[in-house]
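> Here is the input, now give the coordinates:
(one chain, ligands or ions: 4)
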Amino acid sequence: RAKLAGRDAIRFFDPQMQAEVSRRAELDAGLWQALERQQFVLHYQPQILADGRVVAVEALVRWCHPERGMISPAEFIPLAEENGVIVPLGRWVLESACVQLAHWASDSARAELAIAVNVSARQFRHEHFVDELIEILGRTGAPPSRLEIELTESALLDDVESVVAKMDAMKAMGVRFSLDDFGTGYSSLAYLKRLPLDRLKIDKGFVCDILVDPNDAVIARMIIVLAENLGLQVLAEGVETEAQREFLVQQGCNAYQGYLFSRPLPVAELEAYFDRQQQV
Ligand code: C2E
Ligand code: MG
Ligand code: MG
Ligand code: MG
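Ligands and ions are numbered 1, 2, ... in the order given. Purely as a prediction, here's the structure:
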């Protein structure tokens with residue numbers, strides 16, 4: 001017992017862990033300032049339909065830190081959710097994506113492109129979320145029917161009536177909804193059925209071993225069948241190999257996203273990628 005406690009004590013002072021703790025504290029404290037100093041940028045990852053067309057991209061935020069370089073949202077979004085920066089940061093993401101949408105909408109070669117934006121639970125629950133979205137759409141002139149909002153199950157775990165009312169208000173304008181990271185949360189199927197969703201996104205955690213882990217293959221197939229039966233589209237994220245894509249096509253998946261097609265790209269590179277796809 002004493003030995004165990006001793007080992008834990010040593011681990012607590014592990015220098016690598018100390019470095020991680022202080023890095024996290026530093027990033028946490030730096031988030032507000034980063035927003036003021038405009039250190040965030042959106043990259044866009046193409047979403048590919050079964051016929052190979054690109055009709056939408058997912059906006060993924062990055063933090064261009066002056067000393068630490070590009071920081072992944074996987075690292076700072078959880079901090080932003082905890083300390084509340086996610087609300088103004090999420091508003092900035094929505095606004096930037098809508099400015100981009102309006103820009104593409106006025107460019108005949110790219111007018112069809114839609115943008116999917118991640119909205120975190122805390123942001124979605126915020127009392128002014130819907131009003132602010134309406135205001136942003138109006139001010140930027142972005143076509144609402146080209147905006148898709150990606151929610152996770154945690155965002156939807158409020159009382160179902162208020163969630164549905166919020167979603168309906170946005171759907172009335174033409175906004176679409178995806179359920180991100182599907183299969184990793186705890187929502188019941190009965191609950192899911194009541195939400196006005198358009199699409200399920202199969203979490204990349206199931207896609208990565210889909211060819212080697214029979215359980216993952218079964219789960220992915222189940223999600224595809226479920227989507228079909230609920231009249232929803234289904235997109236697989238994290239597709240890295242042609243063999244994974246092929247397997248998912250055979251199961252009836254409608255859309256794909258992953259390094260096999262493209263990494264998330266800065267806007268100019270995304271436009272070049274899209275223009276190349278249009279030519280083939
Ligand atoms: P997500 O929404 O599930 O986004 C998909 C993540 O998978 C992205 O990571 C993307 O770069 C990565 N990815 C795409 N294709 C592949 C692949 O083939 N293999 C692998 N291993 N990964 C792939 P990223 O950009 O690091 O974002 C991580 C998460 O951070 C997102 O997961 C999302 O939950 C959150 N996030 C990103 N941007 C925003 C944002 O603007 N607002 C909010 N609230 N959350 C965001
Ligand atoms: Mg997403
Ligand atoms: Mg996801
Ligand atoms: Mg994720």
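> any weak-confidence spans in the chain?
For the chain, applying pLDDT under 70 flags the ranges 1-13.
> which parts of it sit against ligand 1?
For the chain, the contact set with ligand 1 under Cβ under 6 Å from any ligand atom comprises 45, 60-61, 72-74, 77, 90, 93, 118-120, 150, 180-181, 204, 237-240, 257-259, 264. Using the backbone N, CA and C atoms, a C-beta is placed for each residue, glycine as well.
> Return only those of those residues found close to ligand 3.
180, 181, 237 (Cβ under 5 Å from the ion).
> Of those residues - the most surrounded one?
With neighbours taken as other Cβ atoms under 10 Å, the top of these is residue 180, carrying 24 neighbours.
> nearest residue to it other than its sequence neighbours?
Excluding the flanking residues, the one nearest residue 180 by Cβ to Cβ, 6 or more residues apart in numbering is residue 150, at 4.3 Å.
> contacting residues for that neighbour?
With contact taken as Cβ atoms under 8 Å, 6 or more residues apart in numbering, residue 150 is in contact with 58, 116, 117, 118, 119, 177, 178, 179, 180, 201.
> Where does it sit: helix, strand or coil?
Assigned by DSSP: H, G, I helix; E, B strand; the rest coil, the conformation of residue 150 is strand.
> Would you mind measuring from it to residue 200?
Relative to residue 200, residue 150 is positioned 11 Å away (Cβ to Cβ, to the nearest Å).
> Over to residue 245?
18 Å.
> which one of those two has more residues nearby?
Each of residue 245 and residue 200 has its neighbours counted (other Cβ under 10 Å); residue 200 has more, 23 against 20.
> what helix or strand is the more buried one on?
Per DSSP states H and E, residue 200 falls inside strand 199-202.
> Taking the residues of the chain next to ligand 1, please make a ChimeraX selection of just the buried ones.
To isolate the buried members of these in ChimeraX, using 16 or more other Cβ atoms under 10 Å:
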select :45,60,61,73,77,90,93,118,119,120,150,180,181,204,237,238,239,257,258,264
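> burial of residue 26, as a residue count?
Other residues lying near residue 26 total 12 when counted by other Cβ under 10 Å.
> Can you give the distance from the strand holding residue 200 to the centre of its chain?
Per Cα atoms, centre = their mean, to the nearest Å, the displacement of strand 199-202 from the mean C-alpha position of its chain is 11 Å.
> Can you name every helix or strand that that strand contacts?
Contact analysis of strand 199-202 by 3 or more Cβ pairs under 8 Å, 6 or more residues apart in numbering; DSSP states H and E lists strand 176-182, helix 214-230, strand 233-236 as its packing neighbours.
> The shortest one packs against which elements?
Using 3+ Cβ pairs under 8 Å, 6+ apart as the contact criterion, the neighbours of strand 233-236 among helices and strands are strand 199-202, helix 214-230, strand 255-256.
> mind checking the SS state of residue 170?
Assignment for residue 170 (three-state DSSP): helix.
> swap in residue 44?
Of the three states, residue 44 takes strand under three-state DSSP.
> My guess is it contacts residue 267. True?
Yes. Between residue 44 and residue 267 a contact is recorded at 6.4 Å, counting by Cβ atoms under 8 Å.
> Residue 234 pairs with what?
Residue 234 has these beta-bridge partners by DSSP bridges: residue 200.
> From ligand 1, how far off is it?
15 Å (Cβ to the nearest ligand atom, to the nearest Å).
> Next, the contact list for that residue, please.
199, 200, 201, 202, 223, 224, 227, 228, 253, 254, 255.
> I'd like to know how many residues surround the third one.
Residue 201 is surrounded by 26 other residues when neighbours are defined as other Cβ under 10 Å.
> contacting residues for it?
So residue 201 contacts 150, 178, 179, 180, 181, 182, 234, 235, 236, 237, 257 (Cβ under 8 Å, 6+ apart).
> buried ones in the longest strand seen in the chain?
When the chain is parsed with DSSP state E, its longest strand is strand 54-65. Within strand 54-65, the residues scored as buried using 16+ other Cβ under 10 Å are 54, 56, 57, 58, 59, 60, 61, 62, 63.
> how far does it sit from the chain's center?
Per Cα atoms, centre = their mean, the centroid offset for strand 54-65 relative to its chain is 9 Å.
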